[in-house]
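Q: below are the sequence and a predicted model for it; my questions follow.
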Amino acid sequence: MSGAAPATANRPGHLPVMLAEVLRALAPRDGGRYLDATFGGGGYSAAILEAADCTLWALDRDPDAIARGEALAARFPGRLHLLEGRFGDMGSILAEAGAGGLDGVVFDFGVSSFQLDQPERGFSFRAEGPLDMRMERAGPSAADLVNTLDEAELADLFWQLGEERHSRRVARAVVAARAEEPITSTGRLASIVRSAVPRDPSGIDSATRSFQALRLRVNDELGEIERGLAAAAELLAPGGRLVAVSFHSLEDRIVKRFLRDASGRKPAASRHDPAALLAPTTAAFRLLTTSALRPGAEELHANPRARSARLRAMERLDR
């Protein structure tokens, strides 16, 4: 989860972003069946289980997250079921677990604070570590991409997934640097990117967008979001709710479009389009948020990482 705050002496663990808003939108009830599709540090899962006498399945592709969740499962015996895997595969994973007809699914997209705060995972440009970024610790790493993609491919990657305006300059600098020596650490890559990108007047680190692009590509995060939203919608029972928290425009754009289309708010076809002659389909969902909800000032003060969070939600209608 991108926006979890670091632990404090008074509040152990990592704090989930927009927790109060998530619980209001999800509305957990006694006897309900819920899925935390992005378990992470377990903050949402714990809050849902405390809010109602319900059953919760928790899914995460990171084996470290599942291992951390054992302590929480012990607090709620028989109620919390941990599942390792990608949320894009939740349909088959939950079918195998005997779960269906869910009353709610919650997503918290992006990288978790646990992942960011562990230099050895290679997600953060703020600490020296291996250039990895793999959530599942399997498959090609960020170092593999940086050292093997050609300059044009790197430029496209930084532009499309990082929205980096200086993508060509970054790609050129990366290719020049790796010709001297392979780029294998987060610190070296961050330094290379900063040398190629002008200082951002907003104070955002110049390496932010390039690191985001690599992470999204390594983990196919946007593809997972599209597959996960579609699977969650299929798993919801009438009255079931889908709640999604995203952290940048690429994620939020996918969520906004999916919820709009599912609720029948897709823009009408042009009168010149043959599709306009088709009878309109009945929407299966209704929006619970007509526009994205944002964190409040108090939360932003306590957790600056929440600044880019956006929450959207919808509910399956009775049909």
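A: The structure has been received and is ready for your questions. Numbers count the residues shown, from 1 in each chain.
Q: distance check, residue 306 against residue 190.
A: Counting by CB to CB, to the nearest Å, the gap from residue 306 to residue 190 is 23 Å. Yep, even glycine has a C-beta here, placed from its N, CA and C like the rest.
Q: oh, that last question was meant for residue 258, not what I typed.
A: From residue 258 across to residue 190, the span is 33 Å (CB to CB).
Q: is residue 200 part of a helix or strand, or is it coil?
A: When classified by DSSP: H, G, I helix; E, B strand; the rest coil, residue 200 comes out as coil.
Q: could you measure from it over to residue 247?
A: Distance, residue 200 to residue 247, using CB to CB: 18 Å.
Q: who has more neighbours, these two?
A: Higher neighbour count among residue 200 and residue 247: residue 247, with 22 against 11, using other CB atoms under 10 Å.
Q: so how far is residue 216 from that one?
A: Distance from residue 247 to residue 216, by CB to CB: 11 Å.
Q: any idea how this structure splits into domains?
A: 19-114+221-266+275-316, 127-219 (automatic domain parsing).
Q: tell me the pLDDT at the nearest residue to residue 146 once chain neighbours are set aside?
A: Leaving out its chain neighbours, the residue that sits closest to residue 146 by CB to CB, 6 or more residues apart in numbering is residue 183, at 5.0 Å. Note on residue 183: pLDDT of 98.
Q: surely residue 183 is within a strand?
A: No. Assignment of residue 183 by three-state DSSP gives coil, placing it outside any strand.
Q: that one contacts residue 176, correct?
A: No. When contacts are counted by CB atoms under 8 Å, residue 183 is not listed as touching residue 176 (10.7 Å).
Q: the more surrounded of the two?
A: Applying other CB under 10 Å to residue 183 and residue 176 shows that residue 183 carries more neighbours, namely 18 against 12.
Q: re earlier: let me have the domains of the chain in CSV, extended by distance to residue 121.
A: What follows is the domains of the chain, written out as CSV (distance: least, CB to CB, whole Å):
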stretch, distance to residue 121
domain 19-114+221-266+275-316, 8
domain 127-219, 6
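Q: show me where the stretch 101-250 of the chain has its strands.
A: 102-108, 236-246 (DSSP state E, counting those that start in this stretch).
Q: what's the shortest one packed up against?
A: Contact analysis of strand 102-108 by 3 or more CB pairs under 8 Å, 6 or more residues apart in numbering; DSSP states H and E lists helix 19-26, strand 33-36, helix 43-51, helix 221-235, strand 236-246 as its packing neighbours.
Q: alright, I will stop here.
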